[in-house]
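Engineer: Sharing a sequence plus its predicted fold:
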Amino acid sequence: MSDKGLYDHLYEKFFQSRDKAKGYDFQEATTGSVPPPTVAFSERLRWWTWDRWRRRKKIRDERDRRLEEIIRLKKPPQQ
């Protein structure tokens with residue numbers, strides 16, 4: 001059995017180049033499959049639906065809720 005972990009080669013590569021690193025390399029995509037967030041609706045989605053404005057509002061509300069969560073992560077907790 002190998003004593004090397006799953007990501008040891010990546011840590012080793014990081015420690016070798018950490019003095020000359022300038023930040024995250026956004027050109028390299030993360031590995032793995034992460035599904036995009038979804039919004040569930042009570043009715044099946046059809047292109048001719050009359051309640052398009054309700055669906056758009058629900059999508060915007062969900063987007064705003066997720067943004068608020070991200071902003072809350074950046075702010076330190078108030079005491």
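Structural biologist: Cool, the structure landed. Every value quoted in this text rests on a predicted model; they were computed, and no experiment measured them.
Engineer: When you work out contacts or count neighbours from here on, use the C-alpha atoms and nothing else.
Structural biologist: Fine.
Engineer: Could you list the buried residues of the lowest-mean-pLDDT helix or strand in the chain?
Structural biologist: Per-element confidence for the chain was summarised using mean pLDDT, DSSP states H and E. The lowest value among helices and strands belongs to helix 8-17, with a mean of 82. In terms of neighbour count (16 or more other Cα atoms under 10 Å), helix 8-17 has no buried residues at all.
Engineer: Stretch 41-59 now?
Structural biologist: Along stretch 41-59, the positions that meet the burial threshold by neighbour count (16+ other Cα under 10 Å) are 55, 59.
Engineer: what helices or strands is the helix ranked longest in the chain leaning on?
Structural biologist: Counting residues, the longest helix in the chain under DSSP state H turns out to be helix 52-74. The contact analysis (3 or more Cα pairs under 8 Å, 6 or more residues apart in numbering; DSSP states H and E) places helix 52-74 against no helix or strand.
Engineer: what mean pLDDT would you report for it?
Structural biologist: For helix 52-74, mean pLDDT is 87.
Engineer: what residues does it touch?
Structural biologist: Contacts of helix 52-74 from elsewhere in the structure, counted by Cα atoms under 8 Å, 6 or more residues apart in numbering, are 39, 41.
Engineer: repeat that with 7 Å
Structural biologist: With Cα atoms under 7 Å, 6 or more residues apart in numbering as the test, helix 52-74 has contacts from residue 39.
Engineer: With just CA atoms, put that helix into CSV.
Structural biologist: As requested, C-alpha coordinates have been extracted for helix 52-74 and formatted as CSV (Å, rounded to 0.1, in the frame of the first residue of the first chain):
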residue,chain,number,x,y,z
ARG,A,52,-42.9,33.5,-17.3
TRP,A,53,-42.7,36.6,-15.1
ARG,A,54,-43.2,34.4,-12.0
ARG,A,55,-40.5,32.0,-13.0
ARG,A,56,-38.1,34.8,-13.7
LYS,A,57,-38.9,36.3,-10.3
LYS,A,58,-38.2,33.0,-8.6
ILE,A,59,-34.9,32.6,-10.4
ARG,A,60,-33.9,36.2,-9.5
ASP,A,61,-34.9,35.6,-5.9
GLU,A,62,-32.8,32.4,-5.7
ARG,A,63,-29.8,34.2,-7.3
ASP,A,64,-30.1,37.1,-4.8
ARG,A,65,-30.3,34.6,-1.9
ARG,A,66,-27.2,32.9,-3.0
LEU,A,67,-25.3,36.2,-3.5
GLU,A,68,-26.3,37.2,0.1
GLU,A,69,-24.9,33.9,1.4
ILE,A,70,-21.6,34.7,-0.4
ILE,A,71,-21.5,38.3,0.9
ARG,A,72,-22.2,37.0,4.5
LEU,A,73,-19.2,34.7,4.2
LYS,A,74,-17.0,37.7,3.5
